[in-house]
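**Student:** here is my input; please provide its structure:
(chains A and B)
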Amino acid sequence: MDVHSTMKNILLIIIVLIGLLPLAHAGIVINTESDFINEGETKCIKYGLYNPQEEDNNVALYVSGDLVKISNSFKSDTISVKGNTLHDQAVNSEVCFSTPKNLYEEECILPTIGCKQTCSLGNVKYQGIISAVEEQGEINQGSNVKIAESVPLELIVKCQPSDRNYNTLFIYSFILVVVIIAVTYMS
Amino acid sequence: MISKRGYLYVLLLVLVIGYISTLQTQDTSITGKASQVQTESRATIQRFFDIVPSEQIDGDNPNDGIIWSNIDTQGGQIPVNDAPADGNEAGDPPMPAPATAYSIKVHQDSNVNLDFCARASGDLISGGFNIPIANERFDDDLSSGSIPGQGPLLIEAQSLTTTNTLVQTGRNVPPGISDFYRFWLSVPAPTRAGTYTNSVFITAILTGNGCP
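**Tutor:** Numbers count the residues shown, from 1 in each chain, chains lettered A, B, ... in the order given. Model (predicted):
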């Protein structure tokens, strides 16, 4: 038996390209694609998950892009969405983000004294993608495959301009005078 | 004659008064002769969409998927160039053969048009052997191919990659309409016997946005 015949007999290449297996999948309702957030604030963006098909499914939201830098978790809790749920009956899911305090540097005469915020550099934006992905268990052949629905999200960190503030100067002076009085009283 | 301590108390009082004077208050009440009313207008806009894979790829049974079976019987020779997947012309009820069995529909309960991005996890792997990912090709079309010569065509096929890539610029699929796919695989010589697998990811995006 020649090589080719042998290969023909035993070379059974079953190429299983398992794509697009999830069968349950969810629709997504987008309420926000761009929003403001303050420095040092935690904000949660809500999405609706619906399922007009008959089968129930389990869905989670995934965060990608620059938004990962400020997201509290790259993946939301998995939500169970019943079948025959239309968009106006969507189940709420959310992803939360926290921005650092003092993201924008102030201009100060001395450290913490006479500071003002000019917002000269504009607003910092975090942009990324939120994907609704159906969760499925492991299968014996091929690999896990997911259909995803992705939507963009942009969070703009507000910069609040302010005039030069001398409050800390008064506070430091007050403390200094109290100390001097105390020292004078004790001497 | 004010003592040294007294001067310090005076200075302290000045500092307190100076600090208090920096605290500004704003009277926001509307007084008697106000001629302006301020209120808010608000509009809430929602976008929503869902996608529906065809029967062949909806995973209802273990034989679902994009499958090449008995690829060695095509002329009995390896290498094989651009072998069509089993479902490429299998039909998809109610669309008869040679319509493709692979499609994704934008569900009617959607209010936006969509595009699709595709990628694969990597080469098709069987143990220590692989078929390069570039050998997997696909094309898409808004026509199912039930009329010969129409639908996704081999001549327009592109290779899958590991990077999410827009399936077709400007496809802009509206609700109720399907995007149809066909797949082809080239098997180089010498490819060993085995079951070669990888994963394919299809992501629906709002038209006009980039792939994730």
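**Student:** helices along the chain, start to end?
**Tutor:** No chain specified, so I'll use chain A. Remark: helices assigned in chain A by DSSP state H are A:3-10, A:167-186.
**Student:** not quite, go with chain B.
**Tutor:** B:4-22.
**Student:** lowest average confidence across the helices of chain A, which one?
**Tutor:** Across the helices of chain A, helix A:3-10 has the smallest mean pLDDT, namely a mean of 49.
**Student:** excluding chain neighbours, what is closest to the residue nearest the centre of chain A?
**Tutor:** Using C-alpha atoms, centre = their mean, the residue of chain A that lies closest to the mean C-alpha position is residue A:71, 3.7 Å off. Leaving aside its chain neighbours, residue A:71 sits nearest to residue A:63 (4.5 Å; criterion: C-beta to C-beta, 6 or more residues apart in numbering or on different chains). Quick note: C-beta positions are derived from backbone N, CA and C, even for glycine.
**Student:** measure the one you found to residue A:47 for me?
**Tutor:** 11 Å (C-beta to C-beta, to the nearest Å).
**Student:** then residue B:3?
**Tutor:** Note on residue B:3: its distance to residue A:47, by C-beta to C-beta, is 70 Å.
**Student:** and these two? which has more neighbours close in?
**Tutor:** Each of residue B:3 and residue A:47 has its neighbours counted (other C-beta atoms under 10 Å in any protein chain shown); residue A:47 has more, 24 against 9.
**Student:** and that one, what are its bridge partners?
**Tutor:** residue A:30, residue A:93 (DSSP bridges).
**Student:** need the strands for chain A, in chain order.
**Tutor:** A:15-19, A:27-30, A:34-37, A:42-50, A:57-65, A:79-81, A:91-98, A:107-110, A:113-117, A:124-134, A:147-157, A:162-165 (DSSP state E).
**Student:** between those strands, which gets nearest to residue B:9?
**Tutor:** Closest to residue B:9 of the strands of chain A is strand A:113-117 (C-beta to C-beta; 24.3 Å).
**Student:** alpha carbons only: can I get that closest one in PDB?
**Tutor:** This file holds the C-alpha atoms of strand A:113-117, laid out as PDB (Å, rounded to 0.1, in the frame of the first residue of the first chain):
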ATOM      1  CA  ILE A 113      -0.100  77.500  49.500                       C
ATOM      2  CA  GLY A 114      -1.700  79.900  47.000                       C
ATOM      3  CA  CYS A 115      -2.800  77.100  44.700                       C
ATOM      4  CA  LYS A 116      -5.100  77.600  41.700                       C
ATOM      5  CA  GLN A 117      -6.400  75.300  38.900                       C
END
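**Student:** average pLDDT for it?
**Tutor:** Here the average pLDDT along strand A:113-117 is 86.
**Student:** before we move on, the earlier item: could I get the helices of chain A as CSV with mean neighbour count and distance to chain B?
**Tutor:** Output for the helices of chain A, formatted as CSV (neighbours: other C-beta atoms under 10 Å in any protein chain shown; distance: least, C-beta to the nearest C-beta, whole Å):
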stretch, mean neighbour count, distance to chain B
helix A:3-10, 12, 5
helix A:167-186, 14, 4
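**Student:** before we move on, the earlier item: dump the strands of chain A to TSV, plus distance to residue B:65.
**Tutor:** Below are the strands of chain A laid out as TSV (distance: least, C-beta to C-beta, whole Å):
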stretch	distance to residue B:65
strand A:15-19	4
strand A:27-30	23
strand A:34-37	38
strand A:42-50	25
strand A:57-65	18
strand A:79-81	24
strand A:91-98	29
strand A:107-110	61
strand A:113-117	57
strand A:124-134	16
strand A:147-157	13
strand A:162-165	60
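**Student:** worst mean pLDDT among those?
**Tutor:** Among these, strand A:15-19 scores lowest, at a mean of 44.
**Student:** so who does the residue nearest to residue B:163 when sequence neighbours are not counted touch?
**Tutor:** Distance criterion C-beta to C-beta, 6+ apart; nearest residue to residue B:163, sequence neighbours excluded, is residue B:119 at 5.9 Å. Neighbour list for residue B:119: B:160, B:161, B:162, B:163, B:164, B:165, B:200, B:201 [criterion: C-beta atoms under 8 Å, 6 or more residues apart in numbering or on different chains].
**Student:** next: residue B:113.
**Tutor:** With C-beta under 8 Å, 6+ apart, residue B:113 has these contacts: B:106, B:172, B:173, B:174, B:175, B:206, B:207.
**Student:** and chain A, which of the residues you listed reach it?
**Tutor:** residue B:206 (C-beta under 8 Å from any C-beta of the partner chain).
**Student:** got a winner among the contacts of residue B:113 for most neighbours?
**Tutor:** Busiest of the contacts of residue B:113 [other C-beta under 10 Å] is residue B:173, holding 24 neighbours.
**Student:** gap between it and residue B:13?
**Tutor:** Taken as C-beta to C-beta, the span from residue B:173 to residue B:13 is 75 Å.
**Student:** go through the strands of chain A and name the closest to residue A:182.
**Tutor:** Here strand A:113-117 is closest among these (C-beta to C-beta), at 22.9 Å.
**Student:** that closest one - contacts with which helices or strands?
**Tutor:** In terms of contacts (3 or more C-beta pairs under 8 Å, 6 or more residues apart in numbering or on different chains; DSSP states H and E), strand A:113-117 is packed against strand A:107-110, strand A:162-165, helix A:167-186.
**Student:** so what strands line up beside it?
**Tutor:** Partners of strand A:113-117 in its sheet, by DSSP bridges: strand A:107-110 (antiparallel), strand A:162-165 (antiparallel).
**Student:** dump those strands to a markdown table, plus distance to residue B:133.
**Tutor:** Below are those laid out as a markdown table (distance: least, C-beta to C-beta, whole Å):
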| stretch | distance to residue B:133 |
| --- | --- |
| strand A:107-110 | 53 |
| strand A:162-165 | 55 |
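**Student:** in CSV: those, plus distance to residue B:80 and mean neighbour count.
**Tutor:** Formatted as CSV, the strands paired with strand A:113-117 follow (distance: least, C-beta to C-beta, whole Å; neighbours: other C-beta atoms under 10 Å in any protein chain shown):
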stretch, distance to residue B:80, mean neighbour count
strand A:107-110, 69, 12
strand A:162-165, 70, 12
